[in-house]
Each structure stands twice: as structure tokens, then as C-alpha cells.
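J.: Kindly return the folded structure for what I paste below:
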Amino acid sequence: METLGAPVKLDFNDTATAFRTKSDADLNKAYWLFKMVSSSALIKVGTPITNFSLQIGLPIQGIIKNTIYKQFCGGESIEDCNRSILELGEGNVTTILDYSVEGEESETSFDQTCVEIVRTVAFAKQQKLISFCVFKPTGLGRFDLFAKRDAKQALTDLEKIEFTRVLERCERICSACHEAGIPVLIDGEHSWIQDTIDDIARDMMEKFNQEKPIVYNTYQLYRRDKLASLKADFAYASVRNFHLGAKLVRGAYMEIERDRAKSKGYPSPIQPNKAGSDTDYNDAILFCLDHIDTMGLMAGTHNEDSSRLLAEEMHKRDIVHNHPNIWFAQLLGMSDNLSFNLAAAGYNVAKYMPYGPVKSVMPYLFRRAQENTSVGGQTSRELGLIIAEKERRKKAKKG
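T.: Numbers count the residues shown, from 1 in each chain. From the prediction side, this is the model:
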């Protein structure tokens, strides 16, 4: 482990570092893409049209692959991702390989997803630039099955067998990660299936986190109750003598959650405002740092203030920049100003790299696009950074 780094002097406006691997053509493509994504009306209209076009076989996959897919995805297969993995590695940023096929409902597809994720574990063991693996629980079992169990409704005998298969798939992945020494992230999902996912995550952590954090659960701090959940899980881990793995995010389903709560007549689980999410997120960072010897912390955030807070707190507490239990993470194609500047300062940084067949990954990409239009300032920030770098390069060529 390296010695303590110098006092934090992070410049998240350093676009030269942020976009060092991007060509002028790449920047131009990203500019027009974020201009498009910034339009909520275009996303709402374009999503069903694109879905319909793909379903009836219109030849639009080439356009998608060279635009939104290229910006946010690594490739159609694990092997296709290698170029992007190496490109990130040049900036000391590692990769989280994320098989991002969503919306499948058959047992065959769940088995195939499990096999594919285990393949990412084997690949990660060989490719040292992959720091984490990840899986989405509803990629391994039916959403409605999770929802029924979460609602504490009695499962039929067939559903009990079906849920046992879900648990077996989760354990197979976590066991493979434990054997390979590669941490694995369990993605957070909708509130009305999250309790079941939390139960699974705790069981997996108790089995595989005896020596160090291997399995990480996700805490969505845009929910009112998730800071309390984090603290309760840590207390449980302390009693049961295992390491807690915590991936902290703000959240990904805000509009869906609020709409469902309103339609069904229950209080929204979402914070009343952004300030509430920010406060709980930052408090969660501080709580994890208070217990970092027995916790793994991944700060999955595009928020500059939270990223700076974590970096500054690490320095205040004499925690080395590359502490093995502390990671920053962002999505591929976004917030490169955070990822590459943090990595240049010696922090552990990883990028979520979705991959999979274009048609199968489109539900994921549409969801991300919709999230970005609902997060105030995110796309405009991306556009501002791209414009600043284009101007910097123009001046450099003249000078």
C-alpha cells in the first residue's frame, strides 16, 4: 500500500485530463449525443419509436450502435470490451463489466445470464484492469416473483422451487467471485422488490465476506430509509462477524417510485427533495469511513460535491488514496472529469461498462437516457465540459 497522498487538489474542470483518450471526432459525437439526450420530449417520443423499429426489424441497429451504444457500452461481448477496458486503463481507471441485458423473463434466459456473469468473473481474473463484477437480481429471476415475496404473499410450490433457483444463481456468482478474489456488486432495484434483494445480499455477504468485502449490496440514498438500512446492516454484520460491502448511489427509479406511490396511495419512499438525498448520501460516506476497517465502500456517484467530500475526508483521516476498501465509480461515457481526475490523483476509480447485444441492451440504455433527462444539470454539465475541451484544443492548435 502506498503512503499517504498529498493534500487534495482536485480540479474537476480539468478537461485535458478528463478527455485525454478522446479524439476530436469522439468529442463531436458525444456533443451531439448529449444534446439529444438533454431533450426529455425527444427521449419520451424516441424511446417507443426505437423500440417498435427494433421489434419489426427496421435496419436501425447500425445507427444505434454508432451513437448512444458506442458512448455508453463497451461492446456486444466480453471480448469486444477489451479495447475500451485498455483505453480506460491508460488513465488508471479500471472496469466493472456489466452484462446489461434487461427485461427477459424465461428460466433459460436467467440461466444464460448467470453463465455469462460467471464468464465475466473468469475474464476479470485474467484481465487485471477489471476491478469488480456485477449482477442485477432481476436478471436472474422474474420481477413478479421478487415482488410477490416482498409483499409477503405465500409462494406456490412451483414458485418456491423457482425462487430456490434464483438463490442458486446468486450464490454461484458470489462463490465464483470469492474464489477468484474479485468483488461483486449486487445492483439495487425498485423499492417493492428491494427487501428481498437485501435479504439475499446479507446472506451472500455472511457467506463470502468473512475475511474481506467481496459481496457489495447497493444502498439507494434517494430513499428516506436507506441510511438507516445501511447502519442496521452494519450492526448485523458486526454481530455476525463479517465485512459489509456497501455501494452508495443516489438512485435510479425516482419518477417510477413516486408515480407508483401516488397511484397506489402510499407515502413515497423517495426523499422530498434533492437536499435530502445529498445529506443522506454524504452522511453515508462518513459512516462508512468511520468503519472502513470492516467495510467496503464504493461511492457510485456523478456528484462533484460528494466525490470531493470523500477525497477530503480520506485525507483528514490519514487514509491512503488507494485504500483497498474505498472506490469511486461512474458510468462509462459520463463524468469523465470525475473519473480521470480522481484516478490521476491516485484514488481507486472504476467505470461501469455495460455490454451485450445491441437489441438486448436497449432497455438499459433507454432507462439511462430517461434518468439523465430527469436529473437536473447532469446533461448540461456534460455538454459544458465537452465544449470547454473543444475550445481548449482549438486554442492549443492555434498557439
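J.: Distance check, the nearest residue to E389 once chain neighbours are set aside against A30.
T.: Distance criterion CB to CB, 6 or more residues apart in numbering; nearest residue to E389, sequence neighbours excluded, is T15 at 3.8 Å. (C-beta placed from N, C-alpha, C; glycine too.) Distance of T15 to A30, computed by CB to CB, to the nearest Å: 12 Å.
J.: quick one: secondary structure of the residue nearest to the spatial centre of the chain?
T.: What sits nearest the mean C-alpha location of the chain, by CA atoms, centre = their mean, is Y352, with 5.6 Å. Three-state call for Y352 (DSSP: H, G, I helix; E, B strand; the rest coil): strand.
J.: I'd say it and Q330 touch.
T.: Yes - taking contacts as CB atoms under 8 Å, Y352 lies within contact range of Q330: 7.3 Å.
J.: Give the residues shared as contacts by the two.
T.: By CB atoms under 8 Å, 6 or more residues apart in numbering, Y352 and Q330 have these common neighbours: G300.
J.: Centre of the chain to the helix or strand hosting V115, how far?
T.: Assigned by DSSP states H and E, V115 belongs to helix 107-126. Computed by CA atoms, centre = their mean, to the nearest Å, the separation of helix 107-126 from the middle of its chain amounts to 18 Å.
J.: again with stretch 66-79
T.: Worked out by CA atoms, centre = their mean, stretch 66-79 lies 16 Å from the chain centre.
J.: Could you check how many residues crowd around the residue lying closest to L129 once chain neighbours are set aside?
T.: Take L129 and drop its neighbours on the chain: the residue closest to it by CB to CB, 6+ apart is G89, 4.2 Å away. G89 has 17 neighbouring residues, counting by other CB atoms under 10 Å.
J.: ok, G89 to S229 distance?
T.: Noted for G89: a distance of 34 Å to S229, by CB to CB.
J.: List the buried residues in the helix or strand hosting A235.
T.: In the assignment (DSSP H and E), A235 maps to helix 226-240. For helix 226-240, burial by neighbour count (16 or more other CB atoms under 10 Å) applies to 226-227, 229-230, 233-234, 237.
J.: Now do that helix: everything it contacts.
T.: Here helix 226-240 has contacts from 198, 202, 205-206, 209, 217, 219-221, 243-244, 246, 248, 280, 283-284, 287-288, 291, 294-295, using CB under 8 Å, 6+ apart.
J.: ok, 7 Å please
T.: Outside of helix 226-240, the residues within contact range by CB atoms under 7 Å, 6 or more residues apart in numbering are 202, 205-206, 219-221, 243-244, 246, 280, 283-284, 287, 291, 295.
J.: Could you do stretch 207-225 as well?
T.: Outside stretch 207-225, the residues within contact range by CB under 7 Å, 6+ apart are 174, 177-178, 183-188, 191, 198, 201, 204-205, 226-227, 229-230, 242-251, 254, 269-271, 277, 280-281, 284, 295-296, 298, 325.
J.: That stretch: end-to-end distance?
T.: 25 Å (CA to CA, to the nearest Å).
J.: how distant is it from the center of its chain?
T.: For stretch 207-225, the distance to the chain centre is 13 Å (CA atoms, centre = their mean).
J.: cool, stretch 319-334 as well?
T.: 12 Å.
J.: Send me it as PDB with only the CA atoms.
T.: Taking C-alpha atoms only, stretch 319-334 is exported to PDB below (Å, rounded to 0.1, in the frame of the first residue of the first chain):
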ATOM      1  CA  ILE A 319      -6.400   7.200   4.800                       C
ATOM      2  CA  VAL A 320      -4.200   6.500   1.700                       C
ATOM      3  CA  HIS A 321      -5.700   7.400  -1.600                       C
ATOM      4  CA  ASN A 322      -5.600   3.800  -2.900                       C
ATOM      5  CA  HIS A 323      -7.100   2.200   0.200                       C
ATOM      6  CA  PRO A 324      -8.300  -1.300  -1.000                       C
ATOM      7  CA  ASN A 325     -11.700  -0.800   0.700                       C
ATOM      8  CA  ILE A 326     -12.600   2.600  -0.900                       C
ATOM      9  CA  TRP A 327     -13.600   3.100  -4.600                       C
ATOM     10  CA  PHE A 328     -15.100   5.800  -6.700                       C
ATOM     11  CA  ALA A 329     -17.300   4.700  -9.600                       C
ATOM     12  CA  GLN A 330     -19.100   6.300 -12.600                       C
ATOM     13  CA  LEU A 331     -20.900   5.100 -15.700                       C
ATOM     14  CA  LEU A 332     -18.900   4.700 -18.900                       C
ATOM     15  CA  GLY A 333     -19.400   7.700 -21.200                       C
ATOM     16  CA  MET A 334     -20.300  10.100 -18.300                       C
END
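J.: Report the buried residues of that stretch.
T.: 319-321, 323, 325-334.
J.: Tell me, how many residues neighbour T15?
T.: 25.
J.: and what of the one 3 residues further on?
T.: A18 is surrounded by 24 other residues when neighbours are defined as other CB under 10 Å.
J.: Could I get the contacting residues of it?
T.: Going by CB under 7 Å, 6+ apart, A18 touches 336-337, 340-341, 385.
J.: Give me the phi and psi angles of it.
T.: A18 has phi and psi values of phi -60, psi -40 when expressed as degrees, to the nearest 10.
J.: Need the pLDDT of it.
T.: Note on A18: pLDDT of 95.
J.: try M295
T.: So, for M295, pLDDT stands at 98.
J.: S38 too?
T.: 65.
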